[in-house]
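A.B. asks: attaching a predicted model along with its sequence, questions to come.
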Amino acid sequence: MEQFFGSEISPMDIFVMLVWGALFLVLIVKFFQSIRLVPTQKAYVVERLGRYSKTLDAGFHALIPFFDRVASIQDLKEETIDVPPQECFSKDEVNVEVDGVIYISVMDPVKASYGVTDYRYAAMQLAQTTTRSVIGTLDLDRTFEERDLISAKVVEVLEKAGEGWGIKVHRYEIKNITPPRTVRDAMEMQVNAERERRAIMARSEGDKQSRINRSLGMKTEMINRSEGEKQRRINAAEGKAQEIISIARATAASIETMADVLSLPGGENAMKMQLSEQYMKQMQGLANPSRKIILPANLLDYDAWMNTVGLTPSKNKPS
């Protein structure tokens, strides 16, 4: 054997040194493992000698080596769990494929660690079975309309189970409801027929309203025209009446003036002279065939003409 520091080392000594070195390394490792830095929104479940001891919150913690160990680490943030597609039968015996998503978070780390083996898998399975049972009570058409009902029922069932699992189910959303290809084709034909029916109804309503509007416009136009014609005739009649009244008033005033003039001295002679002038002017218009003049039988009989106008001739005829 080789000498070390002037003394010989036996194989037993080497073995003992290796054992102590291993124990020292284990102590070092356990010492560092006993120091825990817990991040925010994390919870460390600690067991002491195989039994639950405490839950470590965010911050610095020191454990007892060889006695304490972190049994599980729970994430307290809200997490999303995809529910894989599954086949469900509706009330009217139509096979549909449904998938969804669950939003949950751990509220009690101890129950989440010891209350169920895997709360994520358990929640997913319970959501699938509840979805199948709810869709089985609905017709196919209602499954597309009652998404909120299905989601609410799944959340209700998961809430009851989550009390023992230490989790809280915030919501459950159905992503897709996929019927068979034949059913989708029939539904598409139904939608197209409904859309065509609505288009025909819209066109008929538009044509009906257009005809009504045109008839109302024609009615209004005829009423306006008749009202205008009525007002025009009323205005014409009022104008004619006003004209007749004005002429009558002028004629009455003229007659009164003539009477006043005739009652004055020399008034009758002046009137006769004026009438004589008018007579001579009318005689000058005999050459115009378009004019109609009332004449006495004898054109030279001035007295007869004076009688036609209502005046008594004088004995002295105008020359």
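C.D. replies: The structure has been received and is ready for your questions.
A.B. asks: of all the residues in the helix or strand Val155 falls within, which ones are buried?
C.D. replies: Val155 is part of helix 147-165, with elements assigned from DSSP states H and E. By 16 or more other CB atoms under 10 Å, the buried positions in helix 147-165 come out as 150-151, 153-155, 157-158, 161-162, 165. Where you see a C-beta, it was placed from the backbone N, CA and C, and this is true even at glycine.
A.B. asks: how about those residues in JSON lines, adding distance to Ser204 and pLDDT?
C.D. replies: Shown next, in JSON lines, are the buried residues of helix 147-165 (distance: CB to CB, whole Å; pLDDT from 0 to 100):
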{"residue": "Ile150", "distance to Ser204": "39", "pLDDT": "88"}
{"residue": "Ser151", "distance to Ser204": "40", "pLDDT": "89"}
{"residue": "Lys153", "distance to Ser204": "43", "pLDDT": "90"}
{"residue": "Val154", "distance to Ser204": "45", "pLDDT": "90"}
{"residue": "Val155", "distance to Ser204": "46", "pLDDT": "91"}
{"residue": "Val157", "distance to Ser204": "50", "pLDDT": "91"}
{"residue": "Leu158", "distance to Ser204": "51", "pLDDT": "90"}
{"residue": "Ala161", "distance to Ser204": "56", "pLDDT": "89"}
{"residue": "Gly162", "distance to Ser204": "56", "pLDDT": "88"}
{"residue": "Trp165", "distance to Ser204": "60", "pLDDT": "91"}
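A.B. asks: what would those look like in a markdown table with distance to Phe144?
C.D. replies: Output for the buried residues of helix 147-165, formatted as a markdown table (distance: CB to CB, whole Å):
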| residue | distance to Phe144 |
| --- | --- |
| Ile150 | 11 |
| Ser151 | 13 |
| Lys153 | 16 |
| Val154 | 17 |
| Val155 | 19 |
| Val157 | 22 |
| Leu158 | 23 |
| Ala161 | 27 |
| Gly162 | 28 |
| Trp165 | 31 |
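A.B. asks: ok so Phe66 is a helix residue?
C.D. replies: No. The assignment for Phe66, made by DSSP: H, G, I helix; E, B strand; the rest coil, is coil rather than a helix.
A.B. asks: per-residue confidence at the nearest residue to Gly166 once chain neighbours are set aside?
C.D. replies: Spatial nearest neighbour of Gly166, chain neighbours left out: Lys111 (2.8 Å); criterion: CB to CB, 6 or more residues apart in numbering. Among the per-residue scores, Lys111 holds a pLDDT of 91.
A.B. asks: what's the helix holding Val155 in contact with?
C.D. replies: With contacts defined as CB atoms under 8 Å, 6 or more residues apart in numbering, helix 147-165 is touched by 100, 102, 104, 111-112, 115-116, 119, 122-123, 126-127, 130-131, 134-135, 138, 143, 168-169, 171-174, 177.
A.B. asks: swap in stretch 33-47?
C.D. replies: Against stretch 33-47 from outside (CB under 8 Å, 6+ apart): 52-65, 68-77, 106, 109-110, 113.
A.B. asks: is Thr55 within a helix or a strand, and which one?
C.D. replies: Going by DSSP H and E, Thr55 is part of strand 51-56.
A.B. asks: next: Arg36.
C.D. replies: strand 35-38.
A.B. asks: chain center to the helix or strand that that strand is followed by: distance?
C.D. replies: Using DSSP H and E, the helix or strand that follows strand 35-38 in sequence is strand 42-48. How far strand 42-48 lies from its chain's middle: 54 Å, per CA atoms, centre = their mean, to the nearest Å.
A.B. asks: export strand 42-48 as PDB, just CAs?
C.D. replies: Only the C-alpha atoms of strand 42-48 are listed here, as PDB (Å, rounded to 0.1, in the frame of the first residue of the first chain):
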ATOM      1  CA  LYS A  42     -48.100  29.000  -5.700                       C
ATOM      2  CA  ALA A  43     -48.800  26.700  -2.700                       C
ATOM      3  CA  TYR A  44     -46.400  24.000  -1.400                       C
ATOM      4  CA  VAL A  45     -48.000  21.200   0.600                       C
ATOM      5  CA  VAL A  46     -45.500  19.900   3.200                       C
ATOM      6  CA  GLU A  47     -45.600  16.400   4.800                       C
ATOM      7  CA  ARG A  48     -43.700  15.500   7.900                       C
END
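A.B. asks: the residue nearest to Gly166 contacts Gln74, correct?
C.D. replies: No. Using CB atoms under 8 Å, Lys111 is not in contact with Gln74, being 9.9 Å away.
A.B. asks: can you tell me the closest non-neighbouring residue to Ser53?
C.D. replies: Closest to Ser53 by CB to CB, 6+ apart is Val46, at 4.8 Å.
A.B. asks: separation between the one you found and Pro179?
C.D. replies: Separation of Val46 from Pro179 (CB to CB, to the nearest Å) stands at 51 Å.
A.B. asks: related to what we said a few turns ago, buried set for the strand holding Thr55?
C.D. replies: 53, 56.
A.B. asks: ok, stretch 129-139 next?
C.D. replies: For stretch 129-139, the neighbour count (16+ other CB under 10 Å) marks 130-131, 134-135, 138 as buried.
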